[in-house]
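**Student:** Need the 3D shape of this:
(one chain, ligands or ions: 1)
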Amino acid sequence: MPTADPTTVTGLPPSIAAARKELTPMLSQYADLCATHEDALVLFQVGDFYEAFCEAAEEVARVCEVTLTQREDSTGEYPMAGIPIDNATSYLERLLAADYRVAIADQIEDAAAASGLVDRAVTQVITPGTVVDEELLTDRTTNYVAALTRESEEGENGRPVDGIAAVDVATGECLVTSGDPETVAEELDRLDPAEVVRGPGIDVIGDGGDSSANHGDTSASHSDASANHGDPSANHGDPRWMETTIDADHFDSRTARDRLEPYLSAPEERFGTEAEVRAAGAVLAYAEYTQGDGGPLEYVSRIRRYDPRRHLRLDAAAQRSLELFENRGPGAGDTLFDVIDETNCALGRRRLERWLRRPLIDPDRIRSRHDAVEWFIDEPIARETVADGLASAYDLERLVGRISRGRANARDLRSLAATLSVVPELRDALSMGEESDVAPEESDVAPDDSNVTPDDSNVTPDDSNVTPDESNVTADDSNALCDHLRDLRDRLDPLPDVRNLIAEAIVADPPQEITDGDVIQRGFDAELDDLRATEREGREWIAELEARERERTGVDSLTVGHTQVHGYYIEVTDPNLDAVPDDYHRRQTLKNSERFYTPDLKEREDEIVGASERADALEYELFTDVRADVAAEADRLQALADALAELDALVSLATVALEREYVRPTIEDSSAGAGDRGGITIEGGRHPVVERRGEFVPNDVDLDRGDLALITGPNMSGKSTYMRQVALAVVLAQLGSFVPAQTARIPVVDRVFTRIGASDDIAGGQSTFMREMSELTEVLHDATADSLVLLDEVGRGTATTDGRAIACAAAEFIVDEIGATTLFATHYHELTELADRREHVRNLHFTATREDGEVTFLHRVARGASSSSYGIEVAALAGVPTAVVDRARERLASETGSSSDDRSDVPPDAVDETDPGDAGPDPGTDRGGGTGPEPAEESNPTDAALASAIRSLDIATMTPMEALNTLHDLQREIDR
Ligand SMILES: Nc1ncnc2c1ncn2[C@@H]1O[C@H](COP(=O)(O)OP(=O)(O)OP(=O)(O)O)[C@@H](O)[C@H]1O
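**Tutor:** Residues are numbered from 1 along each chain as shown. Now for the predicted structure:
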């Protein structure tokens, strides 16, 4: 992100502070507002502009690329920069992007009416986590600001309990939970707030401050993860969110309780821990402050406490490596979210996002969502009707937020009414599964029934006994609306009262402004209608005045006109002034004419102006009343928004399942039966994202509960893709989606752990290996028999022998002690021997072949272990000259010494099934790993140098091309 240190230009600009005593009243007012908003850049309304002065002006000019001007007053000259209020959004975006909080100081009284200095106040502090301006928000994401608190030594083993509360100021949603520091750090990742307010005592997110617990900071996603290992200064701030500090008092128990009082009664009943109360109080304090400190935010009515353990846990590392929401690396394509997002409105999009961040773990709830998705797949008409209806729905959650905040205009209310008007259609569409004459085919059949041929009527006795109703029931059975959708349909309240109120009150196409009239329908309010009638009649009277006066005076050139300043007049040119009647009073003299008014005209004019002003004011009053009446139904509207959001997410899942040929997974209650039940069985499984890039080779998965599959195979052969596709199938299934496969049986998993690929984003200064180990620690510590663990090349970040030993020990520990279902990709061929010693270890491998000199990766998984000499083999497959490959093999053989003994341990099925072709390895030769445990003595200096060069290669991390180039270099060495 760009920016100079924001603190230099937030709050009071230094040169204004220095001249504090000599300021003009206006600058003095500016200075006061700046002083009370130390952490913000104050934009100060002067007419049609938001202005900043002195150093703040220089910064605004720089960031917003607007002209820096000089202002002069009695105290001298100073810089000023302004942005037009009408067009402020894009400038505000820039300031936010430059890491500023922006305090908007509006004129809060009519400048024309004010005597002296116009009163101004900060009406809103715009910060990344609390923006409510529609144009500054994106559709998809829920925009949270989160507060974190810590209760020391309250939890198990005297460890701290952290609380987290997050509020979406635009919609009024508020979530609260607590737990050990790691859990809360993980929740923070899931909520992915735009802004974080840390309470006292939380210096490092995710670190319980218990340095003896060596897994205490393994929320490895954060730069904070470096806490115990790296530079502590790196712990303050995460580039993903803005860090905000507020007065510590807001985190005080008493203060928090007082703050919460208007929002909910008996917080201790609602909340689980003191940490939650304090976090909720603090986050609401901050939210109120940003909304202009006008007291409680009424629309924050849905404060929900939740238990993170009731969801599939996906920490940031898992979310990232599975590319749920973010792409990795340059050139990366879609994310999983992109693939499954076929939602029709912003409500659904946000809901689906939430589901993906928090898949379920209750098998019944999961199946219930699957039922709904299946129903929509089977009912194309209903699905399309619902999708079309939802596509015309506005963002109800945010509309309600704006209405409740008193920021909605008449257009917003019409949008609300338009959204309500689709609800009955949605209900009808869902009722298709309920009516007795549901399917059109059946009603079509009816007339034909009378024409049945005698043969046709030859139905079996059983059938003929069926009453018409019953036959319908049987016919409908497959399409019967599932409980889930029936419940959802019942929650689709069309709020006819609200819809009618808006339809009656607000004109169909209202203007943007709500203060200038033309907002309220005729017939809604008698007084308003009278005023408008007076206005209209007056204007008609004036419209006819010209003709009347021409006739009365006989002056054909007489005109009636109107100016903003002088109002209505009758104009008579100089030559005709003689004809002017007595009741004409002079109003204005022009070059060749005179302008007059008559008492009647004046009276009418006063009437019109009076009626018009009163009507505009009345309209505004009526509008705000209607808005308040609608706001009073906020709870019902939010409940409807909730149902619409869910409906859209379900329809999206059905659409995706159909278009991409996903299948409904059978959900196993994983821990129901012990033993091997509850394994993952997938036929023809695909990676939902990779399959969109082109030809995809489907693969099967057959793992019993607690199995550990060791996956070997060359680089680029498809190991990571395979592992990820298994995890994605589980995530998709548990969020309620169908999965990309032919058949799938999936157990409910409590947590997905991933340690995939070397992460080079070591922001916290942790070495790759250290980070890898802390992630591994987390797996070994926290995984359970219900977890799914993905490990990719564990140990590769250190010396081969150490790495292999660690990988082997970790695999054994997982199988023996944890029993988590695990996919473990490795280049350490020796690990495959584990299959001989452990019942639950299986070998799988991927292969590559060469055809016509081209290396082809089959991307097909097969039983058994792969050959171990990946690097050289791939080099051979890639066409490295045989002499070089042979020489390399000799080198390796001499280095690995007696490692050929190892081969005897390799089970028969571990032999690489690759068709070796002409360049394939001789199965009889030693195929020990890239570097063996006991390097042999080298016989001469060149050999020693070569051996050392080869030994230092990290084959596991080399691409075939790098292997090729390295071999080429080695060959040149030999030839020297
Ligand atoms: N089943 C498949 N069908 C088609 N393409 C696939 C399949 N599996 C993987 N691929 C493609 O092959 C490439 C390599 O896959 P992947 O990264 O999974 O290999 P890998 O064996 O894990 O490699 P490395 O060991 O280097 O990490 C990917 O770009 C992917 O697009």
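**Student:** Which positions in this structure make contact with the ligand?
**Tutor:** For the chain, the contact set with the ligand under C-beta under 6 Å from any ligand atom comprises 690, 695-697, 699, 713, 715-721, 859. For the C-beta atoms, the positions are set from N, CA and C on the backbone; glycine is no exception.
**Student:** Most neighbours out of those, which is it?
**Tutor:** residue 713 (29 neighbours; other C-beta atoms under 10 Å).
**Student:** Helix, strand, or coil at the closest residue to that residue other than its chain neighbours?
**Tutor:** Spatial nearest neighbour of residue 713, chain neighbours left out: residue 846 (3.1 Å); criterion: C-beta to C-beta, 6 or more residues apart in numbering. Under DSSP: H, G, I helix; E, B strand; the rest coil, the three-state class of residue 846 is strand.
**Student:** Secondary structure for the residues of the chain next to the ligand - can I get that in a markdown table?
**Tutor:** As requested, these are exported to a markdown table (three-state DSSP):
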| residue | secondary structure |
| --- | --- |
| 690 | helix |
| 695 | coil |
| 696 | coil |
| 697 | coil |
| 699 | strand |
| 713 | coil |
| 715 | coil |
| 716 | coil |
| 717 | coil |
| 718 | coil |
| 719 | helix |
| 720 | helix |
| 721 | helix |
| 859 | strand |
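**Student:** returning to that earlier point: so the residue nearest to residue 713 bridges to which residues?
**Tutor:** residue 861 (DSSP bridges).
**Student:** What does the pLDDT read for it?
**Tutor:** On the pLDDT scale, residue 846 is placed at 87.
**Student:** I'd say it and residue 857 touch.
**Tutor:** Yes - using C-beta atoms under 8 Å, residue 846 is in contact with residue 857, at 7.3 Å.
**Student:** more crowded one of these two?
**Tutor:** Neighbour tally, residue 846 and residue 857, criterion other C-beta under 10 Å: the higher count belongs to residue 846, 25 against 19.
**Student:** quick one, what contacts that one?
**Tutor:** By C-beta atoms under 8 Å, 6 or more residues apart in numbering, the residues touching residue 846 are 711-714, 717-719, 722, 857-862, 866.
**Student:** go with 6 Å
**Tutor:** 713, 717-719 (C-beta atoms under 6 Å, 6 or more residues apart in numbering).
**Student:** of all these, which comes closest to residue 274?
**Tutor:** residue 719 (47.0 Å; C-beta to C-beta).
**Student:** That closest one is in contact with residue 712, isn't it?
**Tutor:** No - Residue 719 sits out of contact with residue 712 when judged by C-beta atoms under 6 Å, with a separation of 7.8 Å.
**Student:** Between those two, which contacts overlap?
**Tutor:** Common neighbours of residue 719 and residue 712 (C-beta under 6 Å, 6+ apart) do not exist.
**Student:** related to what we said a few turns ago, what do residue 846 and residue 857 both touch?
**Tutor:** residue 717.
**Student:** Where does the stretch 551-700 of the chain get nearest to the ligand, residue-wise?
**Tutor:** Relative to the ligand, the nearest point of the stretch 551-700 of the chain is residue 697 (3.8 Å; C-beta to the nearest ligand atom).
**Student:** Excluding covalently adjacent residues, which one is nearest to that residue?
**Tutor:** Nearest to residue 697 is residue 859, by C-beta to C-beta, 6+ apart, at 4.1 Å.
**Student:** per-residue pLDDT, residue 311?
**Tutor:** 91.
**Student:** Relative to residue 192, how far out is the residue nearest to it when sequence neighbours are not counted?
**Tutor:** Spatial nearest neighbour of residue 311, excluding adjacent residues (C-beta to C-beta, 6+ apart): residue 358 at 4.2 Å. From residue 358 over to residue 192 the distance is 12 Å, taken as C-beta to C-beta, to the nearest Å.
**Student:** How are the strands of the stretch 801-950 of the chain distributed by residue range?
**Tutor:** Using DSSP state E, counting those that start in this stretch, the strands assigned to the stretch 801-950 of the chain run over residues 821-825, 841-851, 854-863.
**Student:** Likewise for the stretch 151-300 of the chain?
**Tutor:** According to DSSP E, counting those that start in this stretch, the strands that the stretch 151-300 of the chain contains are 161-168, 173-179, 195-198, 242-244.
**Student:** Kindly report the same for the stretch 601-750 of the chain.
**Tutor:** 666-668, 680-685, 699-703, 708-712, 743-747.
**Student:** which of these sits most buried?
**Tutor:** Compared across the strands of the stretch 601-750 of the chain, strand 708-712 shows the largest average neighbour count, a mean of 25 (mean count of other C-beta atoms under 10 Å).
**Student:** how about the strands of the stretch 601-750 of the chain in a markdown table, adding distance to residue 406 and mean pLDDT?
**Tutor:** Output for these, formatted as a markdown table (distance: least, C-beta to C-beta, whole Å; pLDDT from 0 to 100):
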| stretch | distance to residue 406 | mean pLDDT |
| --- | --- | --- |
| strand 666-668 | 46 | 91 |
| strand 680-685 | 52 | 96 |
| strand 699-703 | 55 | 94 |
| strand 708-712 | 59 | 93 |
| strand 743-747 | 48 | 95 |
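**Student:** which one of these lies closest to residue 275?
**Tutor:** strand 743-747 (33.1 Å).
**Student:** Contacts made by the closest one with the rest, please.
**Tutor:** Strand 743-747 is contacted from outside by 665-666, 668, 670, 678, 680-683, 730, 733, using C-beta under 6 Å, 6+ apart.
**Student:** what do you get if the cut-off is 10 Å, keeping everything else the same?
**Tutor:** Strand 743-747 is contacted from outside by 363, 366, 662-672, 677-685, 700-703, 705, 726, 729-734, 738-739, 786, 788, 821, using C-beta atoms under 10 Å, 6 or more residues apart in numbering.
**Student:** who are the neighbours in contact with residue 682?
**Tutor:** Residue 682 neighbours (C-beta under 10 Å, 6+ apart): 663, 665, 698-703, 725-726, 729-730, 733, 739-746.
**Student:** Sheet-wise, list the partners of the host helix or strand of residue 789 with their directions.
**Tutor:** Following DSSP states H and E, one finds residue 789 within strand 788-792. When pairs are called by DSSP bridges, strand 788-792 turns out to pair with strand 751-755 (parallel), strand 821-825 (parallel).
**Student:** mean pLDDT for those strands: which is lowest?
**Tutor:** strand 751-755 (a mean of 90).
**Student:** per-residue confidence at residue 559?
**Tutor:** For residue 559, pLDDT reads 92.
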